[in-house]
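K.L.:
Coordinates only, no sequence provided:
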């Protein structure tokens, strides 16, 4: 693992601090009038989700951790546990369903997702940025409604509600951006 100075911490970096693995959520570089500069870092624990605010001076050394990323295929859900298979070794692992957070409804059978490991421990999982979903319920198209920024609510087959343009109808497939939870384009 690489040691970096406290002023080199950036959002998204994974740090080993106080015997835990933390992701830097927000970093503010502060230069007070008196004394040395420091980085005020808001961190989130990757194992239990707790938060911590910490100050790092430029002379402080912290361990920067690199997580190994593996693409794994989703097989099925069993008692609140998601079962994934490694596409190379065909090994199966179980992870709690809440590892995906609010992106959980976008997980589909056979979907390949990226799981991040620290040594042998799975810490994070992300669904693809764009996922195809079917619109199961939306208002019908109103003829003559051509306002540039008019959107209407739509319910997707996975239970998620998104705003869609007026031309999208019921039973149409659309592509949803899973990071912003918004309509991206027609499928």
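P.N.:
All right, it came through fine. Keep in mind that what you see is a predicted model, and the values were worked out from it rather than measured.

K.L.:
Look up phi and psi at residue 8.
P.N.:
phi -100, psi 0 (degrees, to the nearest 10).

K.L.:
Just give me the neighbour total for it.
P.N.:
For residue 8, the tally of surrounding residues (other C-beta atoms under 10 Å) stands at 16. To be clear about C-beta, it is placed using only N, CA and C from the backbone, and glycine gets the same treatment.

K.L.:
Residue 82 and residue 108: what is the separation?
P.N.:
Remark: distance between residue 82 and residue 108 (C-beta to C-beta, to the nearest Å) = 12 Å.

K.L.:
between these two, who's got more neighbours?
P.N.:
Neighbour totals were compared for residue 82 and residue 108, and residue 82 leads with 22 against 15 (other C-beta under 10 Å).

K.L.:
What are the buried residues along the strand or helix carrying the more buried one?
P.N.:
Under the criterion of DSSP states H and E, residue 82 resides in strand 81-86. By 16 or more other C-beta atoms under 10 Å, the buried positions in strand 81-86 come out as 82, 84.

K.L.:
where's it relative to the chain centroid, distance-wise?
P.N.:
Its chain's C-alpha centre and that of strand 81-86 lie 17 Å apart, by C-alpha atoms, centre = their mean, to the nearest Å.

K.L.:
Give me the mean pLDDT for that strand.
P.N.:
Strand 81-86 shows a mean pLDDT of 92.

K.L.:
Give the partner strands of the next helix or strand after that strand in its sheet and their orientations.
P.N.:
Per DSSP H and E, strand 81-86 leads on to strand 92-96 as the next helix or strand towards the C-terminus. Strand 92-96 has the following strand partners under DSSP bridges: strand 81-86 (antiparallel).

K.L.:
Name the residues that touch the strand it pairs with?
P.N.:
Residues from elsewhere that reach strand 81-86 (C-beta atoms under 8 Å, 6 or more residues apart in numbering): 70, 72-77, 91-97, 99-100, 107, 113, 115.

K.L.:
Quick one: neighbours of the closest residue in space to residue 21 that isn't next to it in sequence, just the number.
P.N.:
For residue 21, ignoring the flanking residues on the chain, the nearest one in space by C-beta to C-beta, 6 or more residues apart in numbering is residue 46 at 4.5 Å. If you count neighbours by other C-beta under 10 Å, residue 46 ends up with 19.
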